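Asks: Model the structure of this input:
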Amino acid sequence: LNVASYNATLTACSKSGSWERALSLIADIKEHGLEPSLQSVAAAIAACEEGGQRDRAEKLFETYWADRAPQVLTLAISACERNGDLERAQELRKVFDGLEGGPNGGGVSGGGV
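Replies: Take a look at the predicted model:
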């Protein structure tokens, strides 16, 4: 097994809001001694967002990609906005703006927040 084999199912979970299944798949990846990819985590966050699980989406973001992935940060901001937590969305936007390269800079090259 490899992470890529999980990503198709995680993507399906992201579209259907099957957040419980997505979290289970992330746990399975870890149990097999692998590290979830950006695509894996983004899909799991999107599943949580679609399923109305903002806190779980934020926890995934903070656990895996808080300081490295603008794409995942964008999903976390969207989850907050969708669930009416505009204050948290604004806080995350400030983090996003502080990333190397800024909001339109093409990402981070291994730097921190």
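Asks: how near is the residue lying farthest from the centre of the chain to A22?
Replies: In the chain, the greatest distance from the average C-alpha position (Cα atoms, centre = their mean) is reached by L1, at 22.0 Å. Distance, L1 to A22, by Cβ to Cβ, to the nearest Å: 17 Å. The way it works is simple: take the backbone N, C-alpha and C, and place the C-beta from them, glycine included.
Asks: ok, back up a step: tell me who's in contact with the residue farthest from the centre of the chain.
Replies: L1 makes contact with H32, L34 under the criterion Cβ atoms under 8 Å, 6 or more residues apart in numbering.
Asks: G52 versus that one, what's the distance?
Replies: On the measure of Cβ to Cβ, L1 and G52 end up 30 Å apart.
Asks: got it, and S78?
Replies: 13 Å.
Asks: Please put the alpha-carbon coordinates of the strand or helix carrying A79 into PDB.
Replies: Here A79, judged by DSSP states H and E, is contained in helix 70-82. Taking Å, rounded to 0.1, in the frame of the first residue of the first chain, the C-alpha atoms of helix 70-82 are listed here in PDB:
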ATOM      1  CA  PRO A  70      -1.200  27.500   1.400                       C
ATOM      2  CA  GLN A  71      -3.700  25.200  -0.300                       C
ATOM      3  CA  VAL A  72      -4.700  23.500   2.900                       C
ATOM      4  CA  LEU A  73      -4.800  26.800   4.700                       C
ATOM      5  CA  THR A  74      -7.300  28.000   2.000                       C
ATOM      6  CA  LEU A  75      -9.500  25.000   2.800                       C
ATOM      7  CA  ALA A  76      -9.400  25.800   6.500                       C
ATOM      8  CA  ILE A  77     -10.400  29.400   5.900                       C
ATOM      9  CA  SER A  78     -13.200  28.200   3.600                       C
ATOM     10  CA  ALA A  79     -14.400  25.800   6.300                       C
ATOM     11  CA  CYS A  80     -14.500  28.600   8.900                       C
ATOM     12  CA  GLU A  81     -16.400  30.900   6.600                       C
ATOM     13  CA  ARG A  82     -18.800  28.200   5.600                       C
END
